[in-house]
Structures are given as C-alpha cells and as structure tokens.
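Q: Turn this into a model:
(2 chains)
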2 protein chains.
Amino acid sequence: MDRQGKVSGVEQAIRSYYEEAQVAERLVEAVLYSVNAGGKRIRPLFFLEMVEALGQTLTQAHFQVAASVEMIHTGSLIHDDLPAMDNDDYRRGRLTNHKQFDEATAILAGDSLFLDPFGLIARADFPAEIRINLVQELSDSSGTYGMVAGQTLDMMSEGKLIDLESLQTIHANKTGKLLTFSFVAAGLVAEVSTDVLTKLRQVGELVGLAFQVRDDILDLTADFEDLGKTPQKDLLAEKSTYPALLGLVESQQFLNHTLDQVQNLLKEIAEKCPFQAKQVGQLIESLRLNG
Amino acid sequence: MDRQGKVSGVEQAIRSYYEEAQVAERLVEAVLYSVNAGGKRIRPLFFLEMVEALGQTLTQAHFQVAASVEMIHTGSLIHDDLPAMDNDDYRRGRLTNHKQFDEATAILAGDSLFLDPFGLIARADFPAEIRINLVQELSDSSGTYGMVAGQTLDMMSEGKLIDLESLQTIHANKTGKLLTFSFVAAGLVAEVSTDVLTKLRQVGELVGLAFQVRDDILDLTADFEDLGKTPQKDLLAEKSTYPALLGLVESQQFLNHTLDQVQNLLKEIAEKCPFQAKQVGQLIESLRLNG
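A: Numbering: from 1, shown residues only, chains lettered A, B, ... in the order given. Modelled structure (predicted):
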C-alpha cells in the first residue's frame, strides 16, 4: 500500500472511533480539530511500513494500532502547547487547541486522546495475547516511564544549561519512547523472535534520537512557512538543543551517522527473518538533512 | 479481608508501580502526592468487595485492577482542580496538586495517572482475554465515552440552568462510568454470565447516581472540616445540583430510593450465581444520609 493510502487508513481509523453516539460534541470537535491538523503521521507510518516489511498484509486491526499511537502523540501536542507548558499559539500553521477552543477543553481533549487508544487496541482483531502486549508497550512508552517523564524533564530544564547526556535522556523519553513503540509494536504483531524484537527496539530508539536532532536543527534553520509554527522558539525559551551543545554542522553529521546506524540494523534484521527493507529504508532516508 | 487491609493493598499496588527506576523524580513525587492524599478509595473498595462477594480470594492481580481505577480517578481530580477547570486550592484538606507543585507538573501528573493504569492491568496475573476486557472497559469508562465527556458537559453547564435529564447525563458519565467499572470489572474477573454482568452494570450506574446526589447534598450541608474542601462551591459556581433541582429533602429521598434499588439488584444477582452480599451491602448502606 502506498504512503497516502496508509495515512488515509490511519485517519479513517481515528475518525471511526469518534463516530459512535457522542456524549459531548464539543469534546469530540476539539479532539478531531487536532487530529485533523495533519502532520506527517510518522509514528503510524513507521509502524505500518515495518508491518509490511515483516511480510504482513495490512488489515483494519493494523490501522487501529497505528491510530492509537497517533492519538497519544496528538494528545501530548495539545497539552505541550498549553499556557502552563510551552504556551504556543500556533501548531502546524493553525491555532493551537486551547486558542481555538479554551484551556479547559484542550486539557480534556488531551485526556481523551490518552485514554481512548487503549480501548481502540482492545477492539483490534488480533489474538488477546498480542493486544495485551501492545497495551503494555503503549502504556510504558507514554506514561511515567516514557513520554510524560520526558516532557517533565524538558520543562524542568528550561532556562538551565544541561549536558548532552541529560539532553539525550530527555529526548529518549519525550520523543524516543513513542517512536520506539511503532517499531516494537510491528514486531509484536508479526510475532518476531525476542532477538529481532530487541533490534527493532534499538531501531526505534535511534530513529527517535534522529528525529529530535532533526527537529532541533530545523527549529534553528527553517522559517515559519516551512515549520508551520514559530521558529527559533527553543532559542527564545533558552532550551538546550543539539545545535547549541554540538554546533550546527556537527549536529547534521550526528543525524546522518544515527541514520546510518539504523540502516545497518535493518540489514541485520533482514538476516534474521523475512524482511523487505526498501520502503521503510526510504522513510528513514527522508529524515536526512543536507545542510 | 477487612476494609483497611483492602485499602492498604490498593495503595501498596500503586506505590509498587512507581518504585521502578524513576525517570523524572518530580513527576513521581507529584503523582504520589495526590495518590497519598487519601480519600475513601470507594472505587477500588467496591471492586474488591464485589470480587469477594462473587466468591474469589483476593490476589495481587485484583489489587492491581483496583489500583488502576483509583489512579484514573486521582488523575481526574488533579485535572479538575486546575485553574482552567474548577480552580480549587484545596482537596481533602491539603493543597491541590498545582498549588503544591505547579500547573505544568499537575497537568503531567494527571496525564501519567491516565496512561499508566493500562500497563498495570496488562501485568496483572489474569488470562489475556480477561485483561484485555478490563482494558477495554476502563478505557470506555474514562475517555470520550465516559468520565472525560461528563467533565466536559459539566464545564459547559456552569452558570446555566439545566434540567434534571441533562444533570443525570453529566453525572452518569462524569462519576457514574468509573464507578460502574468497579462492578463490571468484578464480573469480568469472576467470569460471570452476560446476564449477571448486565445487572452488575446496572448496580454500578445506580451507585454512581447515588454517589453524586450524596455529594451534592454534602456540598450544601457540610462544613470545611467534614468535607476537606471549600463547601458550597457548587452554589458559588452556579452549578446545577440535585438539591437545587429537586430540593434538599427530595434529594435525600431520591438517594435512599436509589440505594434501595441497588439492594434489590444485589438480591437478584444472588439468585443467579454464588454471591455473598453482606459486606458489599454494608458498603452500600454507608452511603445513606439521614437528613
């Protein structure tokens, strides 16, 4: 299936979930406002590309799992934008959720997007053992041992000088864990060996790292139109970033080196199980920035 | 097991979950601040009493499920207290989470308490099919089709005159769904028949209703010391309440009538499966208020 078909399938899976008899229309409106804001859908895409690379034909159940990780990601963006957090007025060129609605609604829309995905996975047509493994992985990736912890560390580091190790801990959790879910979840669904699952987790962690370095570079070099949000916000917020700690050129080299490591790991996986690396390899390559 | 043993077991199950190697200490500190604030633990208690009534001996797995519903309830209290929501400074006689820490931390602590419980259930020592049913029920009870929807409707109704039907829809979702989880979850764990499961759901809905009527009455009649929070907040916030719509005496009668219905349903359940109603019946009776 091509990339556009996958993106449509994910968006449809999310919308279907919210098409049931609605209890609070405004809540669903706010949830879908942020879901429909677009974005690259990189987490669901990585999951779906990996599932196909591992030899499975995509079904509705795969799209539901892909939707679940996108929902949690979207919920985290809504909460990150709140006045008490990053206080952003724009996201992807549109008003942020609390600017379009109000703060209370934005808090609740984020809450929904954290609570609903587990019910969506529970309904996916996979064996119960696989579904419960996915639930555990998604919960671990997003809560106190994952994304939310990373966001907390990030908030606490604002205005402070932190070292590279602390920066990596922040991003390994804030961005890395949920991206890693996409790769591990594909392995869980395809029922790969423990060995392959470990390599998939490493791929996810490296892709997460690449992603954050890339984001930091773009924040420094892109303008509003490219970025869809206020650029150089990190600089203004005195946030520690890779370019600030490593320099811009070195950050670009670090990004490319990380992506090389990912490609090597994909080759190792292909030696251990039936694996078609082409499409997912292309998606990885698309993350390169040639300064 | 006596009630104090049950409460201790639930609190221990929550604390154990947060004893792993911590990523963000401040986050766990904020989470446990609100978990340790006490409260009646009524949701876990109803679950555990029902499990025993249905003939099961309590194990760690039961305490983990009991903990999961208390975690979501606690997360909802943290978010409800936020300035953009109910703007409460005190909860159970202590500073609310955002007053003790800060708004960003309180938002993130609530997020954690929404995301973590699903990982906790996934680890409970029950068959995968039971665990996934519990996950689905907890997600449905708490997200867009449950608690969060109710809270949204509640926010939207502030300062407005609403009728009894709208008030019941709000509370059936805001308070009712999560209380209902306790009863349905006990049935899922004990693998009762569909018929009994339906009756357990009805019991949960009625207990949820009773709970809200009781809360509204207490808000009007209790003082700060009894309530642990500012009394008559509903009145000040121009919230529609049962006493406002039905009158105080009628609300008390409505509460008692609802509890009678619950006791009748428990008798019907006891006719259909092995069921020891005594302890759970006492817990129900403790909700009566004799004006």
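Q: alpha carbons only for contacts and neighbour counts from here, please
A: Will do.
Q: these two touch, right, residue A:63 and residue A:5?
A: No. Under the criterion of C-alpha atoms under 8 Å, residue A:63 is not in contact with residue A:5, lying 10.8 Å apart.
Q: and residue A:27, that one's in a helix?
A: Yes. Under DSSP: H, G, I helix; E, B strand; the rest coil, residue A:27 falls within a helix.
Q: residue contacts, it?
A: A:105, A:108-109, B:144, B:149, B:152 (C-alpha atoms under 8 Å, 6 or more residues apart in numbering or on different chains).
Q: export the residues you listed to JSON lines and tack on neighbour count, distance to residue A:177 and secondary structure?
A: Listed next are the contacts of residue A:27 as JSON lines, based on neighbours: other C-alpha atoms under 10 Å in any protein chain shown; distance: C-alpha to C-alpha, whole Å; DSSP: H, G, I helix; E, B strand; the rest coil:
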{"residue": "A:105", "neighbour count": "24", "distance to residue A:177": "27", "secondary structure": "helix"}
{"residue": "A:108", "neighbour count": "28", "distance to residue A:177": "23", "secondary structure": "helix"}
{"residue": "A:109", "neighbour count": "31", "distance to residue A:177": "22", "secondary structure": "helix"}
{"residue": "B:144", "neighbour count": "30", "distance to residue A:177": "25", "secondary structure": "coil"}
{"residue": "B:149", "neighbour count": "29", "distance to residue A:177": "28", "secondary structure": "helix"}
{"residue": "B:152", "neighbour count": "25", "distance to residue A:177": "30", "secondary structure": "helix"}
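Q: still on that earlier bit, between residue A:63 and residue A:5, who's got more neighbours?
A: residue A:63 (25 against 9; other C-alpha atoms under 10 Å in any protein chain shown).
Q: Which residue, other than its chain neighbours, is closest to the more buried one?
A: Nearest-residue entry for residue A:63: residue A:10, 5.3 Å, with adjacent residues in sequence omitted and distances by C-alpha to C-alpha, 6 or more residues apart in numbering or on different chains.
Q: Would you check that the one you found makes contact with residue A:69?
A: No. Assessed by C-alpha under 8 Å, residue A:10 is found out of contact with residue A:69, at 10.1 Å.
Q: Mutual contacts of these two, please.
A: Common neighbours of residue A:10 and residue A:69, using C-alpha under 8 Å, 6+ apart, are residue A:44.
Q: Which one's more surrounded, these two?
A: residue A:69 (28 against 25).
Q: Check which residues of the host helix or strand of the more buried one are buried.
A: In this structure, residue A:69 is located in helix A:60-80 according to DSSP states H and E. Using 16 or more other C-alpha atoms under 10 Å in any protein chain shown as the burial criterion, the residues of helix A:60-80 that qualify are A:61-80.
Q: How about stretch A:30-47?
A: By 16+ other C-alpha under 10 Å, the buried positions in stretch A:30-47 come out as A:30-35, A:41, A:43-47.
Q: Same question for the spatially closest residue to residue A:188 that is not a sequence neighbour, what's its three-state structure.
A: Nearest residue to residue A:188, sequence neighbours excluded (C-alpha to C-alpha, 6+ apart): residue A:130, at 6.5 Å. Counting by three-state DSSP, the backbone at residue A:130 sits in helix.
Q: repeat for the one 3 residues further on
A: On the three-state scheme (three-state DSSP), residue A:133 is labelled helix.
Q: if we can go back for a sec, of all the buried residues of stretch A:30-47, which comes closest to residue B:136?
A: Nearest to residue B:136 out of the buried residues of stretch A:30-47 is residue A:31 (C-alpha to C-alpha; 19.6 Å).
Q: For the stretch 151-291 of chain A, what lies in contact range of chain B?
A: A:151-153, A:155 (C-alpha under 8 Å from any C-alpha of the partner chain).
Q: pLDDT value on the residue nearest to residue A:63, please?
A: At residue A:10, the model reports a pLDDT of 98.
Q: What separation do you get for it and residue A:187?
A: 19 Å (C-alpha to C-alpha, to the nearest Å).
Q: who touches residue A:134 in this structure?
A: Residues near residue A:134 by C-alpha under 8 Å, 6+ apart: A:121, A:185, A:188.
Q: Kindly recompute the last result at 10 Å.
A: Residue A:134 sits next to A:65, A:118, A:121-122, A:128, A:140, A:181, A:184-186, A:188-189, B:119, B:122 when contact means C-alpha atoms under 10 Å, 6 or more residues apart in numbering or on different chains.
Q: quick one: which of those residues is nearest to residue A:166?
A: Looking across the contacts of residue A:134 and measuring by C-alpha to C-alpha, the closest to residue A:166 is residue A:140, at 20.4 Å.
Q: Surely the closest one touches residue B:118?
A: Yes. Here residue A:140 reaches residue B:118: they are 8.9 Å apart, a contact under C-alpha atoms under 10 Å.
Q: Okay, buried residues for the host helix or strand of residue A:269 please.
A: For residue A:269, the host element (DSSP H and E) is helix A:248-272. For helix A:248-272, burial by neighbour count (16+ other C-alpha under 10 Å) applies to A:248, A:251-252, A:254-256, A:258-259, A:262-263, A:265-266, A:269-270.
Q: next one: phi and psi at the residue of the stretch 151-291 of chain A found nearest chain B?
A: Per C-alpha to the nearest C-alpha, residue A:153 is where the stretch 151-291 of chain A lies closest to chain B, at 6.2 Å. Per-residue torsions, residue A:153: phi -60, psi -40 (degrees, to the nearest 10).
Q: Can you tell me the SS state at residue A:44?
A: Three-state assignment for residue A:44 (three-state DSSP): helix.
Q: wouldn't it be in contact with residue A:10 here?
A: Yes. Counting by C-alpha under 10 Å, residue A:10 is a contact partner of residue A:44 at 7.2 Å.
Q: any residues in contact with both of those two?
A: A:62-68, A:70.
Q: farthest pair in those residues?
A: Among those, A:62 and A:70 lie farthest apart (C-alpha to C-alpha), at 12.7 Å.
Q: what's the overlap in contacts for those two?
A: A:10, A:44.
Q: Show me which helix or strand of chain A is least confident by mean pLDDT.
A: Of all helical and strand segments in chain A, the minimum by mean pLDDT, DSSP states H and E falls on helix A:224-227, at a mean of 57.
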